[in-house]
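K.L.:
only the shape, not the letters, is given here:
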């Protein structure tokens, strides 16, 4: 359009050359004041030059195309060609309409490009890392029967050439060529969604042919596998089912066929068309499935009151919740003795990658395996076992029941494609009618044991106290023993002394008897009194010092006067007392000062 406008302006200038010359002479100051006789010719020269310059620029504009950086040009032909036929929308052979070719950035010489084409500039398409580009062709051959996506370009190319012929291009080269609209339309490209996707990078795509959309690449994280369900490819006619040890009988197909591929995707990044391939990520890590909650614990507490009576008291508890992380509520089991027992379970499973495709094809996902296969099997196995045991056996024979249950459940989980590694019972809730008698018996045993222990402790305490008391009184006991032995010794000594005294007195008596026979009774008595007095004075000399000097005059010849001589040694009081007590006969005494 610009080139035509410039040429039109140049023609108008040439047509109105005289008027423009006159206008230039009258209004251009330099020419108006000039006295040069050729100034009119000079004005015409200027007008002719401008006209020719506009014509040159207009023509040059139609020959040259400059495409800005990071852009490309695509074209729509409006002059000089036949119309498109047979429903085509992209011209590949000079027809009018959207053109298959494009021009990249830079300077390009294209005669009359602006006259015959409308030029449109587009930005280069950038596909970031971790993303892909899906394509839909607006033109091309129609899709075949049962085709929802155009088949893989390179695979179709290989099928069109003879088997003995060596491919002219590699896969990457061929896919790059297929992005060119003309090559695509002239080499069997099909209209509609393409199974091929473009990986991260920069692309120049003709929007006259392509619609595109950026999507995320498929990422299979560590510990997972990806099961591919393909909507494109050939139909697998053999239709064989999986040959794994599971009882999930489903048809699996090789890679490249429609259906669930038996080979899974290992961890990594995959550039697969999300519209053509559905990827199911299956967690291969060990998982714990819990069967808990969903029932009201039936507990009865008993205790002993101050009188020693056993008191029964019911505990009111809320129903245990079923958390989202639980696989299912606790399993209700009907026992042989017609009671209902609630059993909580903990089961660790780890899917095998070889079973992943069968799980997805036959059931859908691990969650569905858990809900539709494993959990019903767990309930059935435990309930069947419960019919052979009484309620109390779930406590008394827990290990036996748990072992039998584990064997059956492991078999069921292997058949489901999720082998169980560990299976354990959790809490077991028994009805009060079963637990109460045992609790009472247990409490009674505890009471007896406590009493026996208390008695032993009491006896030990008594023994300890007795030992301690004995130890504390040991000194007193020793003193008492010594005192006892001393008393016995003193008694024996006194007995011996008495015996000696007796013998002594007997001998004295015998001597006195002999004296009496010789001296007579009175003399013998006086002699004994003098001995006693002398013994006393020997033991108490202070008495002798206190006695005054006494002169005794003896009158008469009575022998009894000897008594008065001995008494004179004592004080007068002692003498008189001695006379009163010992002598009855009168005595005459004189004191000489």
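P.N.:
Yes, it's here. All figures in this text were calculated on a predicted structure; none of them were measured in a lab.
K.L.:
could you pull out the strands in the stretch 101-250 of the chain for me?
P.N.:
Here the stretch 101-250 of the chain has its strands, by DSSP state E, counting those that start in this stretch, at 117-123, 125-127, 131-137, 192-198, 201-203, 210-216, 218-220, 224-230.
K.L.:
give me the sheet partners of whichever helix or strand comes after the last one and which way each runs.
P.N.:
Once the chain leaves strand 224-230, the next helix or strand it forms, by DSSP states H and E, is strand 259-260. Looking at strand 259-260 with DSSP bridges, its paired strands and their directions are strand 224-230 (antiparallel).
K.L.:
what mean pLDDT would you report for the partner strand?
P.N.:
Mean pLDDT, strand 224-230: 94.
K.L.:
ditto for stretch 335-352
P.N.:
So the average pLDDT for stretch 335-352 ends up being 92.
K.L.:
ok, now which ones touch the closest residue to residue 191 other than its chain neighbours?
P.N.:
Nearest non-adjacent residue to residue 191, counting by CB to CB, 6 or more residues apart in numbering: residue 140, 4.0 Å away. From N, CA and C alone the C-beta is placed, and that goes for glycine too. Residue 140 makes contacts with 150, 184, 185, 189, 190, 191, 192, as judged by CB atoms under 8 Å, 6 or more residues apart in numbering.
K.L.:
determine which two of the residues you listed are furthest apart.
P.N.:
185 and 192 (13.5 Å; CB to CB).
K.L.:
more neighbours: these two, which one.
P.N.:
Ranked by neighbour count (other CB atoms under 10 Å), residue 185 and residue 192 place residue 185 first, with 20 against 16.
K.L.:
hmm, residue 89 and that one touching each other?
P.N.:
No. With contact defined as CB atoms under 8 Å, residue 185 does not count as touching residue 89 (10.0 Å).
K.L.:
so what's in contact with these two at the same time?
P.N.:
With CB under 8 Å, 6+ apart, residue 185 and residue 89 have common neighbours residue 139.
K.L.:
re the thing from before, any of the contacts of residue 140 buried? List them.
P.N.:
Listed as buried from the contacts of residue 140 are 150, 184, 185, 189, 190, 191, 192; burial here means 16 or more other CB atoms under 10 Å.
K.L.:
what is the neighbour count of residue 160?
P.N.:
9.
K.L.:
who's in contact with stretch 252-269?
P.N.:
130, 217-236, 240-242, 250-251, 279, 282, 353, 356-358, 360-361.
K.L.:
quick check: buried residues in that stretch?
P.N.:
252, 253, 257, 259, 260, 261, 262, 264, 265.
K.L.:
of these, closest to residue 83?
P.N.:
Looking across the buried residues of stretch 252-269 and measuring by CB to CB, the closest to residue 83 is residue 257, at 42.5 Å.
K.L.:
what's the distance between the nearest residue to that closest one once chain neighbours are set aside and residue 256?
P.N.:
Nearest residue to residue 257, sequence neighbours excluded (CB to CB, 6+ apart): residue 236, at 4.2 Å. In this view, residue 236 and residue 256 are 9 Å apart by CB to CB, to the nearest Å.
K.L.:
is residue 328 bridged to anything, and to what?
P.N.:
residue 291.
K.L.:
list the contacts for it?
P.N.:
Here residue 328 is in contact with 291, 322, 375, 378 (CB under 8 Å, 6+ apart).
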